[in-house]
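what's the 3D shape of this:
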Amino acid sequence: MIQNETLAAQLSAANEDTLTALANKGLYKRALKDIEGLSAEYTEVDDTIQIAVGGEQCVIRFPFEKSTCSCPSRTVCRHILGAILLLKKDVPEGLATPQVEAPQVSAPSKGSRDLGTVKESPKKKSSEKAVEDALTPDEISEIKNCAKHSLSLLGTLFARGLVRADSSVADALELAAVSAHTAKMADAERKLRALSGRLSDCINRRASFDANAFTRSICSCVSMLVELESEDVSYEKLGVFRDTYELYPGNLELLPIGHKEVVRGEYQGGVYYFLNLDESEQPRFLMYSDLRPTFYSQDPHKRQTQTVIWSLNTSLTNMMYSKLLLKKAKLSGEKISGSSETEVVFTSKAELNCPQLRRLVITDFRELVYSAETHKDKLFLIRIHKLENYIFDKHTQVFSMEISDRDGRNVTAEVKYFAENKEFVENIEEICGRIKDTVNVWTMLVSARIKNGCVMLYPIEFYDFIEDMDFHSFSPSSEDTVVDPQYAHVLLNLLSEVENSVVRCVRSGLSSTVENHTPLIEKIKRCGMSGLATLAENFFSSADNYRNSLDQETEKILSCASKLMKYINLAENKLGRISALHNMNNIEEEE
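A predicted model of the protein is given here:
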């Protein structure tokens, strides 16, 4: 038994919620699986416990986020979680009971922020809880110091440029993410960890790295950190570590409509797509993600074991041909929880050619323009009236297919080729051949977004058996746009020029990038975009001052860049729809 009573008490108090908050739900479930049938063999040294889990050496101390592991992870990993779970079994019985019960009668902790409880409480109680959960001066100081340190790291990266970045910079961002986690800065942790991962892609020269996406991410992160450092801090601004899942009213009837394998990146596994057959509820498209981190795996190419959820006796993949009726289902927006409380109470053969699905099929591609978003993918079912062309570009390694609706409006679907998704790309190429050779009308499940003034699709599933009936009609907005569609395309190109100038600074560093931006500024002013001109001038002049001054304030330049990119994002959201609608009808003319 554990002799250190203080550490034993903390171990006994650790439960699923506290351990999931240290890492995530997936790692917690993986740790539970790893320790099945194992017993704890450990050594107590001072205020720590040394224990081996999964071939790695862990040193457990309190607070648990300060525990260490010999694996490559720089944060709380599955081995640390497994070690805590194993040691919890060896806690002296005299300590276990009071430590478990104590949190239930105490006031809510500042770190828990149970949003469901706040929602259900009366207004008076909500305000009282807000006072109780107010951040302490020490916590605010820790948050502001963390934000300042993170901004300094990003400023150094911005000044030196991606061309001079090495793995130590990615490690520093990862450690900053750990500090953000300790300070309960959930949104900051996610953004910093994402930047660290993308920077690693750049350093390792992976084809998946996108300099424009990295620039947008770093500017978004800067904007949030500046707000945390300079303004009043509240729990709402910090974000939450986990999605809040709410109990679905009544039983949830799901029709499986597709499955996608995620084969690259920090998380791999499967994403399962369903249709909520209750037409009175939103959202209609739901998904369950069985994704696991790859940075702990010894073999990143090894296919992960699929999770068994909802009291099923088999994996979810084997149930994708069955309609499912769930009891006590939990949802967070479009996400379905894999909660052990949820049960499949009835199954029957899935019939996709049903009215509920057919009524969602889009036959007028203009509807995609009005429903899709610029920087977030959304799910749609679309009718392929005609496959105009399909081709694999050997230079860009992208397979693309151009499809049209019944009125000849064109959109493009693309899939980036990787060695890991070779089979998927080959299957799509085969299906395209079948579409060309048959008279059948096909339906496709896609994720879509507006990109560079065009609607871009990512194919997920194809169906050749959906009957041509029950489809809904679409009537676009009759409101006149304030910007001419052709002029919107011109403005989008101008926004792209400005963004690319910022991207070049991020790539080469402030000291190396020397450009004459006067013609670009004058061009922006001639187009009547005075707000963009002011923001661009502020950024370019601050970058010039950095090269020509000893007083080098990188944080000021970062702030200017984030304001400029925020303007560009907002402008693209509006102009992108106008341009996409125009391009959809004029692809042949442009070619």
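
for the longest helix along the chain, packing partners?
Looking across the chain with DSSP state H, the single longest helix is helix 554-585. Applying 3 or more C-beta pairs under 8 Å, 6 or more residues apart in numbering; DSSP states H and E, one finds that helix 554-585 makes contact with helix 137-160, helix 211-230, helix 366-371, strand 442-451, strand 454-463, helix 485-508, helix 530-548. Bear in mind the C-beta positions are built from the backbone N, C-alpha and C, glycine included.

could you dump those to TSV with mean pLDDT and distance to Leu312?
TSV is the format used below for those (pLDDT from 0 to 100; distance: least, C-beta to C-beta, whole Å):
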stretch	mean pLDDT	distance to Leu312
helix 137-160	90	42
helix 211-230	91	37
helix 366-371	90	33
strand 442-451	92	23
strand 454-463	93	21
helix 485-508	88	47
helix 530-548	88	53
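
please produce a markdown table containing those, extended by distance to Met584 and mean neighbour count.
Listed next are the helices and strands packed on helix 554-585 as a markdown table, based on distance: least, C-beta to C-beta, whole Å; neighbours: other C-beta atoms under 10 Å:
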| stretch | distance to Met584 | mean neighbour count |
| --- | --- | --- |
| helix 137-160 | 37 | 18 |
| helix 211-230 | 23 | 20 |
| helix 366-371 | 7 | 19 |
| strand 442-451 | 11 | 22 |
| strand 454-463 | 7 | 20 |
| helix 485-508 | 10 | 19 |
| helix 530-548 | 26 | 17 |
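
which one of those lies closest to His385?
strand 442-451 (9.3 Å; C-beta to C-beta).

direction included, what does the closest one pair up with?
Strand pairing for strand 442-451, determined by DSSP bridges: strand 378-384 (antiparallel), strand 454-463 (antiparallel).

now these in CSV, with distance to His489?
Output for those, formatted as CSV (distance: least, C-beta to C-beta, whole Å):
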stretch, distance to His489
strand 378-384, 23
strand 454-463, 10
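
quick one: the helices in the stretch 51-200 of the chain?
All helices of the stretch 51-200 of the chain, identified by DSSP state H, counting those that start in this stretch, fall at 78-89, 93-105, 115-120, 123-132, 137-160, 167-182, 186-203.

returning to that earlier point: and the strands paired with strand 442-451: which comes nearest Leu22?
Taking the strands paired with strand 442-451 one by one with C-beta to C-beta, strand 378-384 is closest: 32.0 Å.

got a list of contacts for that closest one?
257, 273, 285, 287, 334, 357, 360-363, 365, 368, 371-372, 403, 405-406, 435, 441-449, 457, 460, 471 (C-beta atoms under 8 Å, 6 or more residues apart in numbering).

between the longest helix of the chain and helix 530-548, how many degrees?
Helix 554-585 and helix 530-548 are oriented at 140 degrees to each other (axes from the mean of the first three to the mean of the last three C-alpha atoms, to 10 degrees).

mean confidence for helix 554-585?
Averaging pLDDT along helix 554-585 gives 86.

what are the buried residues along that helix?
In terms of neighbour count (16 or more other C-beta atoms under 10 Å), helix 554-585 has its buried residues at 554-555, 557-565, 567-569, 571-572, 575-584.

and it, how far out from the chain's middle?
Taking C-alpha atoms, centre = their mean, to the nearest Å, one finds the center of helix 554-585 at 20 Å from the center of the full chain.

stretch 335-351 now?
How far stretch 335-351 lies from its chain's middle: 24 Å, per C-alpha atoms, centre = their mean.

Glu41 is nearest to which of the strands paired with strand 442-451?
Here strand 454-463 is closest among those (C-beta to C-beta), at 46.4 Å.

ok, Pro249 - contacts?
Contact analysis of Pro249 by C-beta under 8 Å, 6+ apart lists nothing.

what about it, distance to Glu281?
9 Å (C-beta to C-beta, to the nearest Å).

same deal with Met444?
24 Å.

one more: Lys376?
21 Å.

same drill for these two, tell me which one is more crowded.
Higher neighbour count among Lys376 and Glu281: Glu281, with 14 against 8, using other C-beta atoms under 10 Å.
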